[in-house]
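Chemist: I would like to see how this sequence folds:
(one chain, ligands or ions: 1)
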Amino acid sequence: MIKTIILIGGPMKGTRFRPLSLELPKPLFPVAGYPIIHHHIEACSKVPHMKEVILIGFYQPNDALNKFISNVQQEFKIQVRYLQEYTALGTAGGLYHFRDQILAGKPDSFFVMNSDVCGDFPLKEMLSFTVQKGGGSHCTVLGTEATRQQSLNYGCIVENKNTHEVLHYVEKPETYISTTINCGVYLFSPDIFCTLEKIFKKNQEDNYNYQAGNGWCSGCDPNMQMKETIRLEQDIFVPMAGSGKLYVYHTDRFWSQIKTSGAAIYANRHYLALYQNWHKERLARNGELKPQIIGDVYIHPTADVHPTAVLGPNVSVGKHAVIGEGARVRESIVLEGAVLQDHCCVLYSVIGWNVTIGMWTRVEGTPNDPNPNKPFAKVDVKDTFSPDGKLNPSITVIGSNVQVPSEVILLNAMVLPDKSLAGSCKNQIIL
Ligand code: GTP
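Modeler: Below you'll find the predicted structure:
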């Protein structure tokens, strides 16, 4: 029997995804029409003997999360539960804290997936690879290639090219180590809990003076972590590398992190492209009295799109959204309840929940796509501002309930929720 744990983080995470993550937990943000972690759970549901998916995070349980869980349980006929950490316990602290629930039913192995990644996850292949390597107490990390420069922003893996054993692991190294990076998807055997227990006890000893609930103790090292926190990457993989127990399984399929809205537009494009293989029925088609569709487009069945509108490529339209006569939308995500009035044009943008875009208005962003001339390039996670204090051009993001008037231009803008814009704006954050 196999289980999957998805690390969904909590309210203080996903800051680079604001203002969209102010509205609902980032893992539930819809990409290609479905919440980010819906794609994870769908991938899990295809693995034979997958019995349960456990979401671990430090969000307060909320309606959106409960509704999501009941929907995916029904859709994939798999048990899904949410376990709430009492505080941020790090990427492995929650695993240790909830070890009894994870080990209940005696799973042979379990996947752990970061929620802020997307991709065509090769879970079955990781399983067979791990069995080939002897299964048992092994742990397998999903790895992919990045450019030399971009690798510095990820966990870097040095492997034995013949056996794929991880010899050396460094999280976000300062100088170049390897172009093989950690994708945030792992397969563990239950033995990992022995290692977690040792690390947990060591942290308790090392950080004995820290008083929970009291903040950091005076006179302690300010970098000291909370004694219950365990980091999968630094505390587990770094010492495990070279011990013969950690392996890397390479994928050259689509994979990306989703840290920013620019990355969400990129992920939207790739998940829509995957629907060509797995879910053709989710893709909109051209036809009489239907809007003109170019490339891959998802339109929720309850959305109302005028037949003279032109959509695509790479557009997702959410529940109850309305798109008016002659509107043009490409490379964008239009969220639930948004209204795009007649003849507006939306390019490289995320249009938030219940936003209204006026007639003849143009909303445009700048794509953050990876450099197509560099093999293995990933989406760059740019800072919001350049060193001289200017907003870096990016996807235009309009927060929920914003009213954008008719006949204006919004270019490379970020608009916080509930604003009523008076006119055009370029390269600005509207607070
Ligand atoms: P950053 O570049 O700083 O974001 O680092 P990273 O890419 O390594 O991401 P990070 O380690 O912060 O998070 C990886 C995944 O684990 C994300 O899906 C987070 O939501 C999740 N995560 C991070 N910290 C915690 C935690 O304390 N508890 C839980 N349950 N999940 C977490």
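Chemist: grab the nearest non-local neighbour of residue 174.
Modeler: If you skip the residues right next to it in sequence, residue 174 has residue 152 as its closest partner in space, 7.3 Å away by CB to CB, 6 or more residues apart in numbering. From N, CA and C alone the C-beta is placed, and that goes for glycine too.
Chemist: list the contacts for that neighbour?
Modeler: Residues in contact with residue 152, defined by CB atoms under 8 Å, 6 or more residues apart in numbering, are 172-176.
Chemist: where along the stretch 1-150 of the chain do the strands fall?
Modeler: Counting by DSSP state E, counting those that start in this stretch, the stretch 1-150 of the chain has strands at residues 2-9, 30-31, 34-35, 50-57, 79-84, 109-114, 117-119, 139-145.
Chemist: so what touches the second one?
Modeler: Strand 30-31 is contacted from outside by 36, 39, 118, 258, 264, 267-268, 271, 316, 318, 333, 335, using CB under 8 Å, 6+ apart.
Chemist: again, but for stretch 325-335
Modeler: Judged by CB under 8 Å, 6+ apart, the contacts made with stretch 325-335 from elsewhere in the structure are 30-31, 264-265, 268-269, 294, 306, 308-318, 321, 323, 340-353, 355, 367, 400.
Chemist: now stretch 285-295
Modeler: With CB under 8 Å, 6+ apart as the criterion, stretch 285-295 contacts 284, 299, 305-314, 323, 330.
Chemist: try 7 Å
Modeler: Counting by CB atoms under 7 Å, 6 or more residues apart in numbering, stretch 285-295 makes contact with 284, 305-307, 309-314, all of which sit outside it.
Chemist: among these, which one has the most neighbours?
Modeler: Neighbour counts for those, by other CB atoms under 10 Å, peak at residue 311, which reaches 27 neighbours.
Chemist: and residue 105, what does it touch?
Modeler: Per CB under 7 Å, 6+ apart, neighbours of residue 105: 1, 51.
Chemist: I should have written residue 94 there, sorry.
Modeler: Under the contact definition (CB under 7 Å, 6+ apart), the residues listed for residue 94 are 7, 56, 85.
Chemist: surely the last one and residue 97 touch.
Modeler: Yes. The pair residue 85 and residue 97 passes the contact test of CB atoms under 7 Å, sitting 6.4 Å apart.
Chemist: next one: stretch 329-346 to chain centre, how far?
Modeler: Centroid separation for stretch 329-346 versus its chain: 23 Å, with CA atoms, centre = their mean, to the nearest Å.
Chemist: what of stretch 283-297?
Modeler: In terms of CA atoms, centre = their mean, the centre of stretch 283-297 is found 28 Å from the chain centre.
Chemist: buried set for it?
Modeler: Taking 16 or more other CB atoms under 10 Å as the neighbour-count basis, stretch 283-297 is seen to contain the buried residues 283-284, 291, 293, 296-297.
Chemist: determine which two of those are furthest apart.
Modeler: Using CB to CB, the pair of the buried residues of stretch 283-297 lying farthest apart is 291 and 296, separated by 14.1 Å.
Chemist: my read: residue 394 touches residue 367, true?
Modeler: No. The pair formed by residue 394 and residue 367 falls short of the contact definition of CB under 7 Å, at 8.6 Å.
Chemist: now for the two: what residues contact both?
Modeler: Overlap between the neighbourhoods of residue 394 and residue 367 consists of residue 262, taking contacts as CB under 7 Å, 6+ apart.
Chemist: do you know how far the nearest residue to residue 154 once chain neighbours are set aside is from the ligand?
Modeler: With CB to CB, 6+ apart as the measure, residue 181 is the residue that lies nearest to residue 154, at 3.8 Å, once sequence neighbours are left out. Counting by CB to the nearest ligand atom, to the nearest Å, the gap from residue 181 to the ligand is 10 Å.
Chemist: residue 181 looks like it's in a strand, true?
Modeler: Yes. If the criterion is DSSP: H, G, I helix; E, B strand; the rest coil, then residue 181 is within a strand.
Chemist: who does it form a beta bridge with?
Modeler: Note on residue 181: beta-bridge partners by DSSP bridges are residue 144, residue 156.
Chemist: now for it, how many residues are close by?
Modeler: A count of neighbours around residue 181, defined by other CB under 10 Å, yields 27.
Chemist: try residue 304
Modeler: The burial metric for residue 304, expressed as a neighbour count using other CB under 10 Å, is 13.
Chemist: could you give the number of residues near the nearest residue to residue 23 once chain neighbours are set aside?
Modeler: For residue 23, the nearest residue in space outside its immediate sequence neighbours is residue 400; the separation is 5.4 Å by CB to CB, 6+ apart. Residues lying near residue 400 (other CB under 10 Å) number 22.
Chemist: mean confidence score for stretch 35-43?
Modeler: The average pLDDT for stretch 35-43 rounds to 98.
Chemist: got the contact list for it?
Modeler: With contact meaning CB under 7 Å, 6+ apart, stretch 35-43 is reached by 6, 8, 27-29, 53, 68, 72, 76, 80, 113, 115, 118, 121, 123, 258, 271.
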